[in-house]
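[1] Below is the structure, and that's it, no one-letter string:
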DNA sequence: GATTTTTTATACCGATCGTTACATATACTC
DNA sequence: GAGTATATGTAACGATCGGTATAAAAAATC
C-alpha cells in the first residue's frame, strides 16, 4: 500500500498563492515555493506537475477563496450600492491586511501577461470578464427593482466598477493611503447614484 | 582624441523603454535590451552603468515623453473636463497603438515593486503622487472658475481620475475592448459633472 | 603613421533558473 | 519482516541571468 502525502494540499496552495501574489509568476522561484509551501521541488512536481500547472491551480484557488469572499460581500443582501460599497471596502481591507501581500493576484498577472502562456492568459481574462458580467447582471437587476436609474448603461457601470477595482489595487501598491482608496470607492458608488 | 559613440542615446532609451514596458524589469534580459537597443552589453554598461540605472533613466524618459504627452492633452486648453476626456482618450489610443506595448510602464512597475529597489520604488510612487496632485490643482482651479462644482472634494476627484487611469491600463491588458475603455473614460468624466 | 583615448566585441564568470535522474524513506498490506 | 508503491530528498542537468575581463576597433590629434 502506498504512502500518503504528508502535507495539506489546500495549505500548500495557500502558501504558493501568497508567493505568486507577492512576487509575480517569474519573480517567484522554485526555491521561494519550496520555502513557503514547506515542500521540496520533487514533491511540488509530484503533486502539481510543474510550475505552470501549480500557477493555474493557484489561480483557481484565488478565485474560490479571495474572489469568492468579495462576491459574498457584493451579495450581502442590503442592495446593490451597499453591496458594491462593502465589496470595495473589503478589497481595501484585504490590501492593507498584514496577512496578504496587497494588490491583486489577477491584476498583477494580467499586467505580466508576457510571462504567461495562452491557457493562463485566457483564464485571467475570463476571470475579469466574469466579474464584469456578474456586476452587469446585478446592476440590471437593481434597475428592475428601481434601486438604480434604468436610464443608466448597466454594462458601462459594470466596467467602471471593475476598472475601479483594478485601479485601487494599483494605487494601493503605489503607496496611496487607505483613506485615499476609500475616497475612490465612495466615488465609484456615487456613479451608481447619478 | 577619443572615439565618439555611434548610437543615439534618446533612440536607445526609447528602445529600452519599450522592452521594460512590455516585459517588466526582471522579465527583460540584457539580451533583450541588446537586441532592442542595437548595442552590446558592454556599450550599455558603459553608457548607462547597469541594468538598474538604465531602468531609472528609462523611467525619466517615459515621464518626459509618454506622460508629458498625456499632460499636454490635459492642458489642451478647452477646460478641465475636456482636458481629462482628451487625456483619457489619448491613453486609450496609446494602449491600442501598434507602436507601443500597451498598458503603462509606471503601473506595471508599481505592481512589480518586489523587483525594484527603494530608489526606483520611490520614483514610481512619486510619479503617481505627482499626477494626482497635478490633477487636484487643476480641479481646484476649475472649481474657482465655476466649471466644477465647488462642493466636490478636489482631492477625491483627482484620486478617482488617477484610479481610472491605472484601472484602464489593467483592463486594456486584460483584453477589454477600446469601446469598453471609452465607456470607462466617459464615466470618469461624468463624475466631474455630478 | 603613431599614439592616445574611448567605444564596441567577444568570451567568460559565478549564481540561479526550472526540471529531471536517481536514491532514500516510509506507509501500508500480506 | 518482506514486499510494494508512493512520497520525499539530494544532486545534477542545460540554459540563462547580470555583470566583468580582455581584446579589437576606431576616431581624433600630433
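    Thanks, I have the structure now. For clarity, every value in this text was computed on a predicted model and none was experimentally measured. Numbers count the residues shown, from 1 in each chain, chains lettered A, B, ... in the order given.
[2] contacts and neighbour counts: CA atoms only from here.
    OK.
[3] what comes up buried for the helix or strand that residue A:84 is a member of?
    According to DSSP states H and E, residue A:84 maps onto helix A:80-96. Neighbour-count burial for helix A:80-96 flags A:80-92, A:94-96 (criterion: 16 or more other CA atoms under 10 Å in any protein chain shown).
[4] Ok, stretch A:32-46 next?
    Within stretch A:32-46, the residues that qualify as buried are A:33-34, A:36-37, A:39, A:41, A:44, counting by 16+ other CA under 10 Å.
[5] JSON lines for these, including pLDDT?
    Below are the buried residues of stretch A:32-46 laid out as JSON lines (pLDDT from 0 to 100):
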{"residue": "A:33", "pLDDT": "97"}
{"residue": "A:34", "pLDDT": "96"}
{"residue": "A:36", "pLDDT": "96"}
{"residue": "A:37", "pLDDT": "96"}
{"residue": "A:39", "pLDDT": "94"}
{"residue": "A:41", "pLDDT": "95"}
{"residue": "A:44", "pLDDT": "95"}
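[6] any chance of these in TSV, plus distance to DNA strand C?
    As requested, the buried residues of stretch A:32-46 are arranged in TSV below (distance: CA to the nearest atom of the strand, whole Å):
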residue	distance to DNA strand C
A:33	8
A:34	9
A:36	13
A:37	14
A:39	12
A:41	6
A:44	8
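[7] Residue B:5: which of the residues you listed is nearest?
    residue A:33 (44.7 Å; CA to CA).
[8] Counting neighbours, what do you get for the closest residue to that closest one other than its chain neighbours?
    Once flanking residues are discounted, residue A:33 sits nearest to residue A:16: 6.0 Å by CA to CA, 6 or more residues apart in numbering or on different chains. Using other CA atoms under 10 Å in any protein chain shown, residue A:16 has 23 neighbouring residues.
[9] does any bit of stretch A:41-48 sit next to DNA strand D?
    Yes - using CA under 7 Å from any atom of the strand, stretch A:41-48 comes into contact with DNA strand D via A:41-43, A:46.
[10] ok so, going back, state the next helix or strand along the chain beyond the helix holding residue A:84.
    That would be, after helix A:80-96 and using DSSP H and E, helix A:105-111.
[11] So for the helix or strand that comes right after that next one, what gets flagged as buried?
    Next helix or strand after helix A:105-111 toward the C-terminus (DSSP H and E): helix A:118-144. Across helix A:118-144, burial judged by 16+ other CA under 10 Å covers A:120-121, A:123-125, A:127-129, A:131-133, A:135-136, A:138-143.
[12] Now do the same for the residue in chain A positioned nearest to chain B: helix, strand or coil?
    Proximity of chain A to chain B (CA to the nearest CA) peaks at residue A:167, 3.8 Å away. The three-state label given to residue A:167 by DSSP: H, G, I helix; E, B strand; the rest coil is helix.
[13] Would you confirm that it contacts residue B:163?
    Yes - counting by CA atoms under 8 Å, residue A:167 touches residue B:163, with 4.6 Å between them.
[14] what residues are shared contacts of these two?
    Residues within reach of residue A:167 and of residue B:163 at once, by CA atoms under 8 Å, 6 or more residues apart in numbering or on different chains: there are none.
[15] can you tell me the helix or strand for residue A:21?
    helix A:9-23.
[16] re earlier: out of the buried residues of stretch A:32-46, which sit inside strands?
    Among the buried residues of stretch A:32-46, none falls in strands (DSSP state E).
[17] related to what we said a few turns ago, how far away from the center of its chain is the helix holding residue A:21?
    Chain-centre distance of helix A:9-23: 13 Å, with CA atoms, centre = their mean, to the nearest Å.
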